[in-house]
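Enquirer: could you look at this predicted model? Sequence included:
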Amino acid sequence: MTDHPVIAVAVRHPGLPAHALHRVLLAATVAGLAALVAHALLPDDGEVAHILFDHALYLSLELAGVLACVARAVLVAQRRVAWGLIAAAAGCWLAGDVVWTFNEQAPHYPDVADVFYLAWYPLAAAGIVVLLTGRRDGEAARLWLDGLIGGLALAALATAVLWDELVSANGAEATKTAVELAYPIGDIALVGLVLTAFATQGWRPSRGWLLLGAGAVTVSIADTAYLVAVATGGYREGSLISVLWPAALLCCGWAAWQSWPRPDPQLMLRRELFLFPACFALVALGITFYGQLREIPLAASLLALAAMVVAVGRASANYRVHMRLLALSQQEARTDGLTGLANRRALIDDLVAALADGAASSPRTLAFFDLDGFKRYNDGFGHVAGDMLLRRLAVALRGAVGAQGTAYRLGGDEFCALLDGTHAPDGPLLRRCRDALSEHGEGFEVTTSFGVALLPSEAGDAERALGVADERMYAQKDGRRPASRRQTADVLMAVLREREPELRDHSDGVTELSLAVARRLGLAGERLDEVARAAELHDIGKIAVPEVVLHKPGPLDDDEWRLMRQHTVIGDRILSASPAMRQVALLVRASHERWDGGGYPDGLAGEAIPLGARIVAVCDAYSAMTSERPYQVPLAHEAAVAELRRCAGAQFDPRVVDAFCAVTFCAVAGPCPAAGTVRAAGSRHAA
């Protein structure tokens, strides 16, 4: 079934286009309304005209508005309940007018027509609420509470101000007075509900809401004008006041066929929505306060009290909603959006809580996991497949941890688990976690490296715990890299030796000395391997230096020196292309920095220079000074060592020079001479 009944009619009758039928119906109702206005402005022109216009045309226009709402509810599934309620409200108003028109008996209160008229208000309000909330029960209930607060407050205000006057005018007929008060109260409450709808749309309502609001306002104006005219004896059937009621129902009918997008739940959280119930609650409070100063009807006091009680209930409902939203936001702030695991913030909070008692805290094990091969999988199969893999691994990790702790995703391909008790890295629980974060398939393999920190024995705070686990994880990961690093280094050395065959002995000598000095300074394992590779490849950037510069027999000029000093930067770029060589690249880049900050390329000084680079710098300088070159005379071992000692504290790290002297059985003793620069600094290989 089509969404638009006018289009449905056009489908059944293809000779009549939908837009033409729409225009015909609109033009007919507008013409009828204009005729009714013209009749109201003309002097009384007889009984026939009265029946034709004030009865037939009047009721026909109202019927057109009702049928438009009914057709919208029957033929369009979207918003069917809302438009069914509005159609019922308009139908009740039409029924009230039919009863009023053809009931020739003297009215009594409550009259049958009043019952139909007053039914307009709750039914129309219900339709507006459903339109606004999309049948979301919680939001609809809160809007009903808002409407109830407004209705009770307005009823209290009207009763306090008008009750005595209306009772006097009606000869103490309380029922008639209450019925007459019900109309303006219902009108104002309905208009307030429409304004609430406007507020949810940032006071820029759609055409449909404008027409619906126009209908509610028109009914309110007509009722007020009618009551004033009756009270003053100036009401005449068929006047302009009478035109307003069919105009209001036509507005509802026209509104039914406008565009009504699906309600946005976020609009129900706008602060304007709380303005109306707050104002009405203040009105009720003001009436109660006024009642302490002046006598007001008991009914007004009771209505005001009821409004404040409902306002308290509304505030309680608001509190529950906001507490639920706060709990939800806190949960979202502690949850990884992709995998559903707890996130880094939750881990930090849990670590702080776990270590709150210091050394007396219960023993826990923090495991830090990093996926190996995930980047290749993500690049090869795409980010969607990568996200799906992360979700599968997260589910597997949560299952592996079970009730023995909590699983976390820190971001990217990093996971953590905080486990109860103490667990060895090769224990069954951590083996299950490691296996859970692994997946194999055709063309890919994803595994995991992990590190463990025991709490509180190895770390007394969250930052230290993460640092220990992270460091051990990278130690395990890097432990798998030397073979790859060795292969890369061999390839690059082959390239360098093809370009500069004489560098082989120089590199071998620098590597041997660097390893001996590094061991003397306590380096081992991965750091020792990094120093060895940096010593081998510290000259790799010179493959980009022209041979005429590299082998120039005489001194280099300024431009040639600037070019020569770029070789460390070039070496860094070459080596950084391999992930396994990135740490080596940092050492090569810094191998010509000076202890006093006067080196290149970054002007690092002191401890800011990596220790491996400081070691290579001393060993490279010694090798350059003691090697035979076309542009220099080699120094004897003792002279070269004396030169290193002389430059310790300026060009070189004194501690590294002392270690070098110790491993080379240096016989030169005594205090270091004044700091200077190695005499062989003009060497192309020491540059």
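Expert: Arrived safely, thanks for sending.
Enquirer: only C-alpha atoms from now on, for both contacts and neighbour counts.
Expert: Noted.
Enquirer: for the stretch 551-687 of the chain, which segments count as helices?
Expert: Along the stretch 551-687 of the chain, counting by DSSP state H, counting those that start in this stretch, helices occupy 558-564, 567-576, 582-589, 611-626, 637-647, 654-663.
Enquirer: list phi and psi for His440.
Expert: Backbone geometry at His440, expressed as degrees, to the nearest 10, gives phi -130, psi 150.
Enquirer: I'd guess Leu416 is in a helix, am I close?
Expert: Just so we're on the same page, residue 416 is Cys rather than Leu. No. Using DSSP: H, G, I helix; E, B strand; the rest coil, the assignment for Cys416 is strand, not a helix.
Enquirer: could you give the bridge partners of it?
Expert: Taking DSSP bridges, one obtains Phe368, Tyr408 as the residues bridged to Cys416.
Enquirer: re earlier: and the helices of the stretch 551-687 of the chain as TSV, adding distance to Gln292?
Expert: Compiled in TSV, the helices of the stretch 551-687 of the chain are given as follows (distance: least, C-alpha to C-alpha, whole Å):
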stretch	distance to Gln292
helix 558-564	94
helix 567-576	84
helix 582-589	83
helix 611-626	86
helix 637-647	96
helix 654-663	91
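Enquirer: got CSV for those, with mean neighbour count, distance to Pro546 and mean pLDDT too?
Expert: CSV is the format used below for those (neighbours: other C-alpha atoms under 10 Å; distance: least, C-alpha to C-alpha, whole Å; pLDDT from 0 to 100):
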stretch, mean neighbour count, distance to Pro546, mean pLDDT
helix 558-564, 14, 9, 76
helix 567-576, 21, 11, 85
helix 582-589, 25, 20, 87
helix 611-626, 26, 20, 92
helix 637-647, 22, 29, 92
helix 654-663, 19, 32, 93
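Enquirer: for Leu351, which of those helices is the nearest?
Expert: Closest approach to Leu351 among those (C-alpha to C-alpha): helix 582-589, 30.9 Å.
Enquirer: what is the closest one packed up against?
Expert: Counting contacts by 3 or more C-alpha pairs under 8 Å, 6 or more residues apart in numbering; DSSP states H and E, helix 582-589 is packed against helix 525-537, helix 567-576, helix 611-626.
Enquirer: mind putting those into a markdown table with distance to Ile128?
Expert: Formatted as a markdown table, the helices and strands packed on helix 582-589 follow (distance: least, C-alpha to C-alpha, whole Å):
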| stretch | distance to Ile128 |
| --- | --- |
| helix 525-537 | 72 |
| helix 567-576 | 66 |
| helix 611-626 | 75 |
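Enquirer: out of those helices, flag the one nearest His423.
Expert: helix 525-537 (25.2 Å).
Enquirer: if you count neighbours, what's buried in that closest one?
Expert: Buried residues in helix 525-537, defined by neighbour count with 16 or more other C-alpha atoms under 10 Å: Leu528, Asp529, Glu530, Val531, Ala532, Arg533, Ala534, Ala535, Glu536, Leu537.
Enquirer: which one of those is nearest to Ala90?
Expert: Ranked by distance to Ala90 (C-alpha to C-alpha), the buried residues of helix 525-537 are led by Glu530 at 85.5 Å.
Enquirer: I'd assumed Arg582 was in contact with that closest one.
Expert: No. Between Glu530 and Arg582 there is no contact under C-alpha atoms under 8 Å: 9.6 Å.
Enquirer: which one of the helices and strands packed on helix 582-589 lies closest to Ala73?
Expert: Of all those, helix 567-576 sits nearest to Ala73, with 68.9 Å by C-alpha to C-alpha.
Enquirer: tell me what the closest one is packed against?
Expert: Using 3+ C-alpha pairs under 8 Å, 6+ apart: helix 567-576 touches helix 582-589.
Enquirer: for the helix it packs on, what is the distance to the chain centroid?
Expert: Put simply, helix 582-589 sits 39 Å off its chain's centre (C-alpha atoms, centre = their mean, to the nearest Å).
Enquirer: what's the local residue count around Ile578?
Expert: Actually, residue 578 is Ser rather than Ile. If you count neighbours by other C-alpha atoms under 10 Å, Ser578 ends up with 13.
Enquirer: packing partners for the biggest helix by length in the chain?
Expert: When the chain is parsed with DSSP state H, its longest helix is helix 298-333. Contacting helix 298-333 under the criterion 3+ C-alpha pairs under 8 Å, 6+ apart are the following elements: helix 137-169, helix 275-293.
Enquirer: contacts for the shortest one?
Expert: Read that as helix 275-293. With C-alpha atoms under 8 Å, 6 or more residues apart in numbering as the test, helix 275-293 has contacts from 146-147, 149-150, 153-154, 156-157, 160, 192, 196, 300-301, 304-305, 307-308, 311.
Enquirer: where along the stretch 401-550 of the chain do the strands fall?
Expert: 405-411, 414-420, 439-441, 444-455 (DSSP state E, counting those that start in this stretch).
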